[in-house]
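Asker: got a predicted model here, sequence first, then my questions.
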Amino acid sequence: MTVYHFIATSTPILSDTFKDYGNTKYIDDLSALGFKVELSKKKRKKYLPKVNIPVHYYENEEDREKQIVAHEVDEDHDIRTQFQHPFVYYLSCEDTREGYNSLFQELDRFLSHGEWIEMYTCQDGAEEKSRKDSLNIIVNLRTLTYKNDIGTYRLNEKRLYNELSERFAFRERQYVIVTK
């Protein structure tokens, strides 16, 4: 089954909220994409209009893993019952240390003092199942604390994002609060 990650916020996430680690190149010739373009004899003599096709790419694998994307969830989606915040999004984040490092950096940039976000992970079709309370996590970026069912840990300010990426991983029916 497909596992989805969700994020809920008190303010909308705009298209430019999270840093784009990719590049866009505009290609004006379809053959540059590997398409074979054949024209009839009649059209060869006519002027062919230029096209500008945006192609989004990453310089390396690490840049792709850092990319965080949020897509709005439909108004009537069942997942909304899991959250207190009104703005709910599908969250795309690589399940790697680089992905989690980038996620917490972006959340730190996004959140203002006193704000918080919610995250939830579940399988497709299990949106209304109750949370597994033993998996709940609270991350406070202001006080540098990480709290789970085992205890509360003080985070090192200089290694904050690396340390969070080492401790954190999305798990099935896990509810996470990140506050600042």
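Answerer: Looks like it came in fine.
Asker: hang on, Thr152 packs against Thr145?
Answerer: Yes - applying Cβ atoms under 8 Å as the test, Thr152 and Thr145 come out as touching, 5.6 Å apart. C-beta: built from backbone N, CA, C; applies to glycine.
Asker: of the two, who's got more company?
Answerer: The residue with more neighbours, out of Thr152 and Thr145, is Thr145; 14 against 11, by other Cβ atoms under 10 Å.
Asker: contact partners for that one?
Answerer: The neighbourhood of Thr145, defined by Cβ atoms under 8 Å, 6 or more residues apart in numbering, consists of Ile138, Val139, Thr152, Tyr153, Arg154, Leu155.
Asker: what do you get for Glu163?
Answerer: Glu163 neighbours (Cβ under 8 Å, 6+ apart): Tyr146, Leu155, Asn156.
Asker: quick one, which of these are buried?
Answerer: Neighbour counting by 16 or more other Cβ atoms under 10 Å classes Tyr146, Leu155 among those as buried.
Asker: can you add distance to Lys66 and give the contacts of Glu163 back as TSV?
Answerer: Below are the contacts of Glu163 laid out as TSV (distance: Cβ to Cβ, whole Å):
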residue	distance to Lys66
Tyr146	21
Leu155	20
Asn156	21
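Asker: restricted to helices, list the contacts of Glu163.
Answerer: Among the contacts of Glu163, no residue falls in helices (DSSP state H).
Asker: could I get the contacts of Glu163 as CSV with pLDDT?
Answerer: Formatted as CSV, the contacts of Glu163 follow (pLDDT from 0 to 100):
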residue, pLDDT
Tyr146, 96
Leu155, 95
Asn156, 95
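Asker: now, the contacts of Glu163 that are in strands?
Answerer: The strands, defined by DSSP state E, take in Tyr146 from these.
Asker: perfect, that will be all.
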